[in-house]
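Q: build the 3D model from these lines:
(one chain, ligands or ions: 2)
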Amino acid sequence: MSKLRVAVLGAKGRIGAEAVRAVAAAEDLELVAALGRGDGLETLVEAGAEVAVELTEPASVMDNLEFCVRHGIHGVVGTTGWTDERLARLEGWLDASPTTGVLIAPNFSIGAVLTMRFARQAARFFESVEVIELHHPNKVDAPSGTAARTAQLIAEARREAGCAPQPDATTTALDGARGADVDGVPVHSVRLRGLLAHQEVLLGGEGETLTIRHDSTHHSSFMPGILLGVRRVVTAPGLTFGLEHFLDLD
Ligand SMILES: NC(=O)c1ccc[n+]([C@@H]2O[C@H](COP(=O)([O-])OP(=O)(O)OC[C@H]3O[C@@H](n4cnc5c(N)ncnc54)[C@H](O)[C@@H]3O)[C@@H](O)[C@H]2O)c1
Ligand SMILES: O=C(O)C1=N[C@H](C(=O)O)CCC1
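A: Ligands and ions are numbered 1, 2, ... in the order given. Sure, this is the predicted structure:
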């Protein structure tokens, strides 16, 4: 059986370097290109890449994906910075290339995907929900893509269940003291040397709290999800948002 031809964009970055090793080590995949900043995207076509793993930065991801989709190269995207406007542009490119698939995964680790799932399940049962994400201090964006997605899922679940707004008597606060408001859910971002990627979802009701916590302590935690995404995206045309769609969770 022929191997799936895979390229990594952002190959010299923290997660990109780990992805290069993981793809190269997978028996059913062939690493055909490993691009860093400044390398020409034409290399993807010359190398015959079928799937591009996009692990760069929010300022680069759109140009890279536009090129890939235009050339029928499937995308597996971990890069953050997704807004409704960006997603709409990507969907426009995909409409014009109907056999091409792009997976955007706010987080590739199974624990983080389950944290999002559990948070969504729990959200309607508690009066209060806040998210704390904690990352290494080299991270350029805040809040994390994972925390933003978690907050959106929580907010959706609470809207669907008709939950009342969260109780909060704060009338005076320093800027940022109550975190960022993501769809009505406060999200707090910690940047600390020694950390990699961590998240807590705090839920509170009368006389009880529930904390859902996930820790990625090494970039290896993201690799099984990236490899799964690469194998599945070639049979999933259009946009898939979230690795959970490839996990058959329930
Ligand atoms: N979804 C997930 O599970 C997951 C996990 C970890 C990191 N991330 C995200 O992945 C992205 C990268 O994270 P990181 O910690 O590796 O960052 P990093 O800064 O270590 O690496 C990014 C790399 O991309 C390179 N780059 C920038 N523009 C480029 C371009 N146009 N073409 C090729 N290379 C380019 C940079 O030079 C750098 O080497 C971030 O958005 C981060 O939030 C996602
Ligand atoms: O290290 C990062 O940067 C990470 N980014 C993603 C996010 O913003 O959620 C996933 C976790 C690691």
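Q: show the contacting residues for the residue sitting nearest the centre point of the chain.
A: In the chain, the residue lying closest to the centroid (Cα atoms, centre = their mean) is residue 106, at 1.0 Å. When contacts are counted by Cβ atoms under 8 Å, 6 or more residues apart in numbering, residue 106 touches 80, 82, 112, 116, 145, 146, 148, 149, 242. All C-beta atoms are positioned from the backbone trio N, CA, C, and that covers glycine.
Q: among the residues you listed, which pair sits farthest apart?
A: 82 and 112 (15.6 Å; Cβ to Cβ).
Q: who's more crowded, these two?
A: The residue with more neighbours, out of residue 82 and residue 112, is residue 112; 26 against 18, by other Cβ atoms under 10 Å.
Q: assumed that one was part of a helix.
A: Yes. Counting by DSSP: H, G, I helix; E, B strand; the rest coil, one finds residue 112 located in a helix.
Q: tell me which of the contacts of residue 106 fall in strands.
A: Using DSSP state E to define strands, no part of these is located there.
Q: ok, these vs residue 127, which is closest?
A: Nearest to residue 127 among the contacts of residue 106, with distances taken as Cβ to Cβ, is residue 116, at 20.5 Å.
Q: so the closest one is in contact with residue 247, correct?
A: No. Using Cβ atoms under 8 Å, residue 116 makes no contact with residue 247, being 11.4 Å away.
Q: between the two, which one's more packed in?
A: Neighbours of residue 116 and residue 247, each counted by other Cβ under 10 Å, are more numerous for residue 116; the result is 26 against 15.
Q: ok, the more buried one to residue 15 distance?
A: Relative to residue 15, residue 116 is positioned 19 Å away (Cβ to Cβ, to the nearest Å).
Q: list the contacts for the closest residue to ligand 1 within the chain?
A: Nearest residue of the chain to ligand 1: residue 13, at 2.0 Å (Cβ to the nearest ligand atom). Taking Cβ under 8 Å, 6+ apart, we find residue 13 in contact with 55, 56.
Q: mean confidence score for stretch 240-250?
A: In this model, stretch 240-250 has an average pLDDT of 94.
Q: residue 88: neighbour count?
A: For residue 88, the neighbour count with other Cβ under 10 Å is 9.
Q: pull stretch 69-76 out as PDB, backbone CA atoms only.
A: C-alpha atoms of stretch 69-76 as PDB (Å, rounded to 0.1, in the frame of the first residue of the first chain):
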ATOM      1  CA  VAL A  69      -6.700  24.300  -0.500                       C
ATOM      2  CA  ARG A  70      -6.100  25.900  -3.900                       C
ATOM      3  CA  HIS A  71      -3.800  23.100  -4.800                       C
ATOM      4  CA  GLY A  72      -6.000  20.300  -3.400                       C
ATOM      5  CA  ILE A  73      -3.700  19.600  -0.400                       C
ATOM      6  CA  HIS A  74      -5.600  18.600   2.700                       C
ATOM      7  CA  GLY A  75      -4.900  20.400   5.900                       C
ATOM      8  CA  VAL A  76      -4.500  19.400   9.500                       C
END
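Q: close to ligand 2, is it?
A: No. Judged by Cβ under 6 Å from any ligand atom, stretch 69-76 makes no contact with ligand 2; its nearest approach is 13.9 Å.
Q: just stretch 114-126 next, same as before
A: No. Under the criterion of Cβ under 6 Å from any ligand atom, stretch 114-126 makes no contact with ligand 2; the nearest approach is 10.5 Å.
Q: which parts of that stretch are buried?
A: Judged by neighbour count using 16 or more other Cβ atoms under 10 Å, the buried positions of stretch 114-126 are 115, 116, 117, 118, 119, 120, 122, 123, 126.
Q: does the fifth one touch residue 147 like I think?
A: No. Taking contacts as Cβ under 8 Å, residue 119 lies outside contact range of residue 147: 10.3 Å.
Q: so what sits against both of these two?
A: Common contact partners of residue 119 and residue 147 (Cβ under 8 Å, 6+ apart): residue 131.
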